[in-house]
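*Asks:* would you be able to build a 3D model of this:
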Amino acid sequence: MGYFDQITAVLPVAAYATDGDGYISSYNAEAARLWGQEHPMGSRRWFGAWRMRASGGEILPSDASPLAVAFKEGRETCHSEVILERPDGHRTCIRVHIRLEIDAGIVIGSLVLLIEQPSDAKEDVRRDQLAAIVASSEDVIVSKTLEGVVTSWNAGASRILGYTAEEMIGQPITRIIPEELLNEETEILEKVRRGERVEHFVTERLTKDGRRVILSITVSPLKDRAGNIIGASKVARDVTERKHASDMQRRLFDELDHRVKNTLATVLAFAGLSRRRAVSDPDSFAESFAGRIQALARTHNLLVQGKMLGSDLACLVSKEINHGAPDEGRATIAGANITVDARTAGQLGLVLHELASNARRYGALSSRGGSLCVEWTTDENTGGLVLEWTEAGVSGVSAPIDTGFGLSLIKSTTESLGGALHLHFNPDGLTCRISLPGLEPAKLEAVLPPPRSDHAE
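*Replies:* Residues are numbered from 1 along each chain as shown. Below you'll find the model as predicted:
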C-alpha cells in the first residue's frame, strides 16, 4: 500500500488515492458519502462519483476531469471547482485539490482531496429548476467544450437526432454534422471563444439513421464562476416541417402568379381573335367567349384539386365531354393513366372544350345516332402523347369546326405546346389527332368511362 493510500483513512475531508494509471486504490467514508456510492478498489478511474459536471452544469467526460487533466499535463492543481452528482440526482459543489506522486518524471500515484463548498439554497433550487426544464424540453439542448466535444445531451436531442446521451457524451459534435457543413462548426466555436452568441441559425444536421433534419440553432458561451468561457450551450428547434411547408407555399404562390398571368393573357387573346364576331354577331360571341372562360375555370378547379401540380387526363376529357349536357352513353374514353403538368392541362383543356362544343352543336353529341371515342397513347421512349378524338354517325360533315375560329384556336394552342394537329373529315364524322411531345411516361392502365355525375358544371 502506498503512502497516499495510508493517509486517506485518517484525513478529516473526503479523499481518495489512485495508482499510476488513475485507478482508485483507496478512499475514505467522506468520499463515499459525496459520491453516494461505494466501489471495489481498482474498478473506477479518475473519480468515483456517479457523474461529474463542470461548474456551469455540463457533464464532464472522465478524461476531461481535473485528475485526468493533471495526469496528462503532469502538474498538481488546486481549487479546481466541479459538481459531483450522486445516483439519486443530488449535486454537491466541491473544490478539487490534487497531489501527484512522481518518480523519474513519471506519475506513479495521486492523492485527491474533495472540499465541499457551502450550499446556496436559492442557487440549488434555480439549478434544479433549470435541469428539469432541460430534461423535459422538446427541443435539442446540448453543451460542448470549446473543442466541440459533447458534454451534455438531453431527451429532446435523443428524440430528434436518434442518439442517446450515452452514445454522444464524450463524442465530437461533428458526428451529427454533414461533411459539407463542417466549416459551420468551426465558425460557431470561434464566435463562442470571442464571447459572441449565435442566434436562430438555420442549418441541417444528421440523425442516427442518416436522415437530414433542418434545425434553427442558438449557441451561447458557457462561463465558469470566474467568467472564463469554458464551452458552449446549444438550443436547437426542429423546423423541418415548417421549412418544407414554407417552400411549398412559395412554390404555390409562384405557380399561382404564373397561372394567373397566363390565364389573363389567354383571355386577352380570346378577346382579340373574337372582336370581329363581337360586332357582327354579339350574342354568339358572348356565348362562345363565356364558354371558353368557363373551360379555363374547370381546368383550374382540377389543378387546384391536384395542388397545382397537374391534372389527370381522363378527368380533363370527362369534364369537357359532359359539360352542359349528358352524353347519354354516346361517348367513351380510354387510354394511359396520365397526369399532365399545369401548363399542358390548361392548354389542352381549351382544345378539348372547342372539340366538345363543336360536337354538341354539329357533331356526334348533337344526334342520337352519333358516337364519340377519345383515346390516347404514350410513347414510353420519348414520353410523347397522341390523343385521337373520333366522331361517327354524323351526316353532312364538310365544313371546318366553329366556322374557323375554333379550328384556329385548336391549331394555335396545340402548336404552343410544341405539338402537331391532324384533322380529317369523314363522310359520317371526323378524326382529330393531337400529338404532343415530352410528357412523362405513365403506366398503361384501362380508364373507365366518365362518371355520370359529371354531366354538368
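*Asks:* what sits against V235?
*Replies:* By CB atoms under 8 Å, 6 or more residues apart in numbering, V235 lies in contact with 139-141, 217-219. From N, CA and C alone the C-beta is placed, and that goes for glycine too.
*Asks:* quick check, pLDDT for it.
*Replies:* V235 carries a pLDDT value of 92.
*Asks:* please begin residue numbering at 175 from this point
*Replies:* Will do, 175 is the new start, and the previous item becomes V409.
*Asks:* backbone dihedrals for it, both of them.
*Replies:* Note on V409: its backbone torsions stand at phi -120, psi 130 [degrees, to the nearest 10].
*Asks:* that one - nearest residue in space that isn't next to it in sequence?
*Replies:* T392 (4.9 Å; CB to CB, 6 or more residues apart in numbering).
*Asks:* so what touches the helix or strand hosting that neighbour?
*Replies:* According to DSSP states H and E, T392 maps onto strand 386-397. With CB under 8 Å, 6+ apart as the test, strand 386-397 has contacts from 228, 230, 232, 314, 317, 334-335, 352, 362, 365-367, 369-381, 403-414, 417.
*Asks:* give me the subset of these that lies in strands.
*Replies:* Among these, the residues falling in strands (DSSP state E) are 228, 314, 317, 372-380, 403-412.
*Asks:* got a PyMOL select line for the buried ones in those residues?
*Replies:* Buried residues among the ones in strands among the contacts of strand 386-397 (16 or more other CB atoms under 10 Å), as a PyMOL selection:
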select buried, resi 228+314+317+372+377+378+379+380+404+405+406+407+408+409+410+411+412
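*Asks:* elements contacting the helix or strand containing G580?
*Replies:* G580 is part of helix 579-590 when elements are defined by DSSP H and E. With contacts defined as 3 or more CB pairs under 8 Å, 6 or more residues apart in numbering; DSSP states H and E, helix 579-590 has these neighbours: helix 414-454, helix 516-535, strand 594-600, strand 603-610.
*Asks:* one more time with 7 Å
*Replies:* Identification of packing neighbours for helix 579-590 by 3 or more CB pairs under 7 Å, 6 or more residues apart in numbering; DSSP states H and E yields helix 516-535, strand 594-600.
*Asks:* make TSV out of those and add mean neighbour count, distance to L185 and mean pLDDT.
*Replies:* TSV is the format used below for the helices and strands packed on helix 579-590 (neighbours: other CB atoms under 10 Å; distance: least, CB to CB, whole Å; pLDDT from 0 to 100):
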stretch	mean neighbour count	distance to L185	mean pLDDT
helix 516-535	22	82	83
strand 594-600	13	99	87
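*Asks:* report the beta-bridge partners for the closest residue to G593 other than its chain neighbours.
*Replies:* Residue nearest to G593 in three dimensions, not counting chain neighbours: L610, with 4.1 Å by CB to CB, 6+ apart. On the basis of DSSP bridges, L610 is bridged to L559.
*Asks:* low-scoring stretches of the stretch 225-374 of the chain, by residue?
*Replies:* Applying pLDDT under 70 to the stretch 225-374 of the chain flags the ranges 230, 252-253, 293-310.
*Asks:* give me the number of residues near the residue nearest to G593?
*Replies:* By the measure other CB atoms under 10 Å, the count of residues near L610 is 21.
*Asks:* tally of neighbours for V187?
*Replies:* Neighbour tally, V187, other CB under 10 Å: 14.
*Asks:* would you turn the helices and strands packed on helix 579-590 into a markdown table with distance to T325?
*Replies:* Shown next, in a markdown table, are these (distance: least, CB to CB, whole Å):
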| stretch | distance to T325 |
| --- | --- |
| helix 516-535 | 52 |
| strand 594-600 | 69 |
